[in-house]
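In: I would like to see how this sequence folds:
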Amino acid sequence: MRNVKYLIEEIREATENQDVSEFSGIQDREILRYINDAQERIQSEIVKKSPKVFTKEVIIDVDGSEYYDLPYDILLGNKITDVKYRYTPSSYWDRLEPDYVANNANLDLHDASPCTYIRLAGRIALRPRPRRGQLRVTYVANIPSLDLGRGVVTASSVDADSNLLSLTLNTVNLDVDALARRSYLTIVNVHGDILLDQVKFDNIDAGTGVVTLASNPAVTVPLLNGVIVSGKKTSTHSSLDELIERYLIGYANMKVLQRDGSQEFQIQFQLVQIMEQEIVDSYAGISDDIALIPDIDEGFDEF
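Out: The predicted model follows:
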């Protein structure tokens, strides 16, 4: 999908909102909010019909703890589709069944495998509680939110463990005000691919471009010339299919027309509803795999 700045340009042209200043007209941040609202809505509608479209997997080491943290980007804090456990790396994965929070009683450690899991806000508990092993959690992930590029990385350094130590941004066109609205930033490349996310910071010096970091995330790729966007997991390009671009634009057009009090709002509203239904129906038809005909008669080989 195209960079979100081009989507904003197209929305301005379609709604005749190209004249904008600091004190008049609809600001970019408002149109950007409409686009993000559209993205969140269409993902939610797709998940209702096909919950496995946006799934990811994570391996969690089991060490006897009462609770284990779920990935930060999990939808709604606990949207899990499957949990499997194995005692050793050579063991088979056994599926765990979901359980109720009411059964979340304190249990002693066991050497046996757990049978169930309990979902909490951002955490998971195993019952019975094993001493060791691994969890393979399949979950529905939030897609990255969208933002305009707010700066460019000119320098960075890491420690011996490849954790980020320092970060400096180009002061030309650096939008400190936009970044300061949120305490996290993300670094992406020119194509919107995330290079580093969850970068928590305390301050950005507008004069020097030096970022005062509040966290030291692990760096796996070079950050030089990376584009800075605001938020914990954000990009300049939507990770949705390109066919959904027209929906994001249409939805934002609708909200701008509504904001302007235009008589075209109702027509645009109907068009957006049609597009939304078409997209959801398309994803609803996606199958996870080929479904084989089950062998019902276990004694078929006797004939």
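
In: what sits against Asp94?
Out: Lys84, Tyr85, Arg86, Ser113 (C-beta atoms under 8 Å, 6 or more residues apart in numbering). Glycine gets a C-beta too; all of them are placed from N, C-alpha and C.

In: which of these are buried?
Out: Lys84, Tyr85, Arg86 (16 or more other C-beta atoms under 10 Å).

In: looking at those residues, which is nearest Ile249?
Out: Lys84 (40.2 Å; C-beta to C-beta).

In: for that closest one, list each beta-bridge partner.
Out: Arg95, Arg136 (DSSP bridges).

In: could you point out which element follows the helix or strand encompassing Ile8?
Out: If you go by DSSP states H and E, Ile8 is part of helix 4-15. Using DSSP H and E, the helix or strand that follows helix 4-15 in sequence is helix 28-49.

In: from the chain's centre, how far out does that following helix sit?
Out: 12 Å (C-alpha atoms, centre = their mean, to the nearest Å).

In: secondary structure class for Gly192?
Out: coil (DSSP: H, G, I helix; E, B strand; the rest coil).

In: measure it to Met1 for me?
Out: The gap separating Gly192 from Met1 is 8 Å, by C-beta to C-beta, to the nearest Å.

In: quick check: neighbours shared by these two?
Out: In contact with both Gly192 and Met1: His237, Ser238, Ser239, using C-beta under 8 Å, 6+ apart.

In: between the residues you listed, which is closest to Ser91?
Out: Ser239 (34.1 Å).

In: please name the residues that touch the closest one.
Out: Met1, Ile143, Pro144, Gly192.

In: just give the number of residues close to the nearest residue to the third one once chain neighbours are set aside.
Out: So the one you mean is Pro144. Of all residues not flanking Pro144 in the chain, Ser235 sits nearest, at 4.3 Å (C-beta to C-beta, 6 or more residues apart in numbering). If you count neighbours by other C-beta atoms under 10 Å, Ser235 ends up with 25.

In: bridged to Ser235, which residues?
Out: Bridge pairing for Ser235 - DSSP bridges - gives Leu146.

In: and Val210, how close does it get to Asn203?
Out: On the measure of C-beta to C-beta, Val210 and Asn203 end up 9 Å apart.

In: when those two are compared, which one has more neighbours?
Out: Counted by other C-beta under 10 Å, Val210 and Asn203 do not tie: Val210 has more neighbours, with 16 against 13.

In: distance of the residue nearest to that one when sequence neighbours are not counted from Gly261?
Out: Leaving aside its chain neighbours, Val210 sits nearest to Thr168 (5.4 Å; criterion: C-beta to C-beta, 6+ apart). From Thr168 over to Gly261 the distance is 46 Å, taken as C-beta to C-beta.

In: these two - which one has more neighbours?
Out: Each of Thr168 and Gly261 has its neighbours counted (other C-beta under 10 Å); Thr168 has more, 17 against 7.

In: ramachandran angles for that one?
Out: phi -130, psi 140 (degrees, to the nearest 10).

In: touching whichever helix or strand Leu126 is part of from outside, list them.
Out: Assigned by DSSP H and E, Leu126 belongs to strand 123-127. Strand 123-127 has contacts (C-beta under 8 Å, 6+ apart) with 62, 66-70, 78, 80, 83, 85, 96, 99, 103-104, 107, 114-118, 135, 137.

In: what's Leu243 in contact with, if anything?
Out: Ile279, Ser282.

In: in terms of pLDDT, where does it sit?
Out: Note on Leu243: pLDDT of 88.

In: quickly note the distance from it to Arg127.
Out: 43 Å.

In: burial count for Ile124?
Out: Ile124 has 20 nearby residues by other C-beta under 10 Å.

In: I misspoke; the intended subject was Val211.
Out: 23.

In: quick check, it in a strand?
Out: Yes - assigned with three-state DSSP, Val211 falls within a strand.
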